[in-house]
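Fold the following.
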Amino acid sequence: NFSRCILPHEFEYIRHKYFNQTVFVSLHQSNTFWNWLGPVACALRFKRHINTLWFHGLIYGLISKRDCEMVLAQQRIGTFIIRFSESYPGFFGVSYVAGTPSGGTCVMHYLVDHQDIGSQKTLPDFLRSKDQFQYIAQLTPNTGQLMCYEKDVALNPYYAKGKATGGKKDGYSDLAPVYG
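Sure thing, here's the model as predicted:
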C-alpha cells in the first residue's frame, strides 16, 4: 500500500503556478490558489474512488500540461496521465499520447467534464470506455517515478461491477412516455 503526500516537484508546481516563485504571497495570489484548491480537495474527498486513486498514484494530480507533454513525449500511443485541471478547478484533465495522420505522435489533453462522469459513471468507468486511453502512467508516491500499466490491470478494482446502466433488462420494459 502506498501513502501519498505532496511531492517536492508538486510544491514547485504550486509555487510557480500560483505564487510566481515569490517569497511573499499577495491576497490575490492566495485567493486564486484557494479558489483552485478548494474544488480539488472536494473532488478528493467526495467523488467516488478519487481519494483511493490519488493515494495509489493513479491520479498524478499536480502537474502542468507542458510538464505532461515532456513526461509523455517518449511514451507509446495510448499512454495517459490523469491530472487536476489547471483552468477548471475540481475537474480532471487526461493527457495522452495520440497518433497523428503522418504516423507520428503528439500529446493531447482532454477535459473530463460532468457529462463524462457522475453518480452513475465513475472516472475509472469513463476511462474504461475510451479506446484512446490504454496505458495508465502511475506515479509511485514514495519515489516520484512513473510506471506504466495496462489501464484494465490498474483500474479493474475501481470499475463498476456488473453491466453498465442503460438498455433493456430481461423481465422489464422501458419507461412509458409521459402524456399530457
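
Let's verify the most centrally placed residue in the chain: helix, strand, or coil?
What sits nearest the mean C-alpha location of the chain, by C-alpha atoms, centre = their mean, is residue 82, with 3.0 Å. Here residue 82 is recorded as strand under DSSP: H, G, I helix; E, B strand; the rest coil.

where does the protein have low pLDDT?
For the chain, applying pLDDT under 70 flags the ranges 1-3, 162-171, 173-180.

What lies in contact with the longest helix anywhere in it?
Determined from DSSP state H, the single longest helix within the chain is helix 27-46. Helix 27-46 has contacts (C-beta atoms under 8 Å, 6 or more residues apart in numbering) with 14, 18-20, 22, 50-51, 54, 84, 86, 89-90, 92. C-beta coordinates here come from the backbone N, C-alpha and C atoms, glycine included.

neighbour-wise, which of the residues you listed leads?
residue 92 (25 neighbours; other C-beta atoms under 10 Å).

And the nearest residue to it once chain neighbours are set aside, its phi and psi?
Sequence neighbours aside, residue 112 is the residue nearest to residue 92 in space, at 4.3 Å (criterion: C-beta to C-beta, 6 or more residues apart in numbering). Its backbone dihedrals place residue 112 at phi -80, psi 120, with angles given as degrees, to the nearest 10.

and what of residue 145?
phi -90, psi 150.

What's the local residue count around it?
Neighbours of residue 145 using other C-beta under 10 Å come to 10.

ok, now which ones touch the residue lying closest to it once chain neighbours are set aside?
Using C-beta to C-beta, 6+ apart and skipping the chain neighbours, the partner closest in space to residue 145 is residue 139 (7.6 Å). For residue 139, the contacting residues are 7, 57-58, 60-61, 145-146, by C-beta under 8 Å, 6+ apart.

change it to 6 Å
Residue 139 makes contact with 57, 60, 146 under the criterion C-beta atoms under 6 Å, 6 or more residues apart in numbering.

Mind listing the strands the helix or strand that it is a member of pairs with, and their directions?
Residue 139 belongs to strand 135-140 when elements are defined using DSSP states H and E. Strand pairing for strand 135-140, determined by DSSP bridges: strand 79-84 (parallel), strand 145-150 (antiparallel).

Export it to PDB, keeping only CA atoms.
The C-alpha atoms that make up strand 135-140 are tabulated as PDB, following Å, rounded to 0.1, in the frame of the first residue of the first chain:
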ATOM      1  CA  TYR A 135      -1.800   2.500 -20.600                       C
ATOM      2  CA  ILE A 136      -2.000   4.500 -17.400                       C
ATOM      3  CA  ALA A 137       1.100   6.200 -16.100                       C
ATOM      4  CA  GLN A 138       1.100   5.600 -12.300                       C
ATOM      5  CA  LEU A 139       3.100   7.900 -10.000                       C
ATOM      6  CA  THR A 140       5.000   5.900  -7.400                       C
END
